[in-house]
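Undergrad: I'd like to go over a predicted model; first the sequence, then the structure.
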Amino acid sequence: MTLTPPRLVVRTREIDHVEDLLPFTSPHDPTAWIRRGDGMAAVGEAFSLRQRGDQAYAALAAQWKRLSAAADIDDPVGLPGTGLIAFGALAFDPRSAHDSVVRVPSVVVGRRGGRSWVTTIHHDGERPAEATETPYGTHWSGTLGPGEQSPEGYLAAVRAGLDAIAAGEVGKVVLARDLGGTVPGGSDLRRLARALGSDYPDTWMFAVDGLIGASPETLVTVHAGTVTARVLAGTTPRGADADADTAAASTLASSTKDLDEHEFAVQSVLASLRPHLRALAASDAPFTLKLPNVWHLATDVEGELSGAASALDLVRALHPTAAVAGTPTDAAIELIHRLEPFDRGRYAGPVGWIDARGDGEWAIALRCAQFDTVATADGADIPVTAYAGAGIVADSDPETELIETRVKFRPIVDALA
């Protein structure tokens, strides 16, 4: 049975310059998508789509198209992120106990290219909410400790993954571990988002349904028929000084193990996009991408839509990439189920936004933590779980992969502290 979507009334208007977007979102359940100060922050919930299971992504894409088609939209600003939009955080695996969610906010305040705007979204016949700023709350710190996968357990999982690779079961598998902890009840979670955005300005800082992080990896961007993606796979820590840092980047760029891991990821993305795009192109060789804590091997991909696929349709086609699962995909997912003692939830799943035209920006939820924002209701400490992983290929060394996860935990651990 197909339910009739509500008729949403959407009004976007240009406003005076907004310096900081985060005060326009909720302190305890922030919604934001920001990079170098540009992006959107939102509050309230005009409508929400939630799904689980094998058909969750397809159902969300179809429901969004129906909801968008029924909406009354007045958007004279016409920038990416204006008009009717929704923010999404999708589960990594269809067997997850966590929902894949696409949330339509009541108010969005955005900034892009020197222009700022406000969008109100409400049901037909209701009054629109107003954009209001909420001052930042006091500083706080959280604690993180061992999760369900201990360092020793992770080393054993990597060795088991290497056995599976040697047996020909997979060519690559991405194995993650977790840290668990709490933050004080009533904490202003925007401070975590602000710290991540400040310390890692070249990443996508995201906050959706309790998932907060700073991802360096764009899964897919769709704008006016043009599709772009950035593939990251192959990682090494930054050097302690300029000479060591240059040496680290050079070693990564020539590492057979990392180049093989990267090529798996690039081919995974290209194969997924080809049915939907024409003139698909990728750079011949990866470049080294510098972040504050690591170097990555990176490849940019670009093409033109050949049909009417939306950003959510392409997310469905792309996920999971070899960069976060492995290859062959199905075998890698089954191996992850055997070797990881926890549900990844939305970690390594798609996170981003989509508009009424089907355009949007989606990243892979990395360098992130999931907060149980329901716990804020009674003032109790808020449970939080952080995740980090590493790609395992034939030449991987278990101790080195464990160190890589420690480096990848650093953004969220530092920001929590």
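TA: It's in.

Undergrad: any idea where the strands of the stretch 301-417 of the chain begin and end?
TA: Using DSSP state E, counting those that start in this stretch, the strands of the stretch 301-417 of the chain run over 326-327, 350-355, 360-364, 368-371, 382-392.

Undergrad: In its sheet, which strands sit next to the third one, and in what direction?
TA: By that I understand strand 360-364. strand 218-223 (antiparallel), strand 350-355 (antiparallel) (DSSP bridges).

Undergrad: mean confidence for the first one?
TA: The predicted model gives strand 218-223 an average pLDDT of 92.

Undergrad: hang on, the earlier thing: please identify which of the strands of the stretch 301-417 of the chain is closest to A240.
TA: Closest of those to A240 is strand 382-392, at 21.0 Å (criterion: Cβ to Cβ). From N, CA and C alone the C-beta is placed, and that goes for glycine too.

Undergrad: now for the closest one, which elements pack on it?
TA: When contacts are defined as 3 or more Cβ pairs under 8 Å, 6 or more residues apart in numbering; DSSP states H and E, strand 382-392 packs onto helix 151-166, strand 172-183, strand 226-237, helix 256-273, strand 368-371, helix 398-416.

Undergrad: winner for burial among the ones you listed?
TA: Burial of the helices and strands packed on strand 382-392 is given as mean neighbour count (mean count of other Cβ atoms under 10 Å); strand 368-371 ranks first at a mean of 26.

Undergrad: And the contacts of that strand?
TA: Taking contacts as Cβ atoms under 8 Å, 6 or more residues apart in numbering, the residues outside strand 368-371 that touch it are 98, 183, 189, 192, 206, 210-215, 345-347, 351, 382-387, 412, 416.

Undergrad: again, but for stretch 236-251
TA: Taking Cβ under 8 Å, 6+ apart as the criterion, the residues outside stretch 236-251 that touch it are 252, 255, 258, 288, 290-295, 403-404, 407.

Undergrad: now this structure, which segments are flagged as low pLDDT?
TA: Screening the chain residue by residue with the criterion pLDDT under 70, one finds the ranges 1-3, 374-378.

Undergrad: Can you tell me, leaving aside adjacent residues, what's nearest to the spatially most central residue of the chain?
TA: The geometric centre of the chain, computed from its C-alpha atoms, lies nearest to A365 (Cα atoms, centre = their mean), at 2.8 Å. Closest residue to A365 apart from its sequence neighbours, by Cβ to Cβ, 6 or more residues apart in numbering: V351 at 4.3 Å.

Undergrad: chain center to stretch 189-202, what's the gap?
TA: 14 Å (Cα atoms, centre = their mean, to the nearest Å).

Undergrad: same question, stretch 220-240
TA: Counting by Cα atoms, centre = their mean, stretch 220-240 is centred 12 Å from the centre of its parent chain.

Undergrad: sorry, back to before: and of the strands of the stretch 301-417 of the chain, who's closest to R103?
TA: When the strands of the stretch 301-417 of the chain are compared for distance to R103 using Cβ to Cβ, the nearest one is strand 350-355, at 9.8 Å.

Undergrad: The closest one: which residues count as buried?
TA: In terms of neighbour count (16 or more other Cβ atoms under 10 Å), strand 350-355 has its buried residues at P350, V351, G352, W353, I354, D355.
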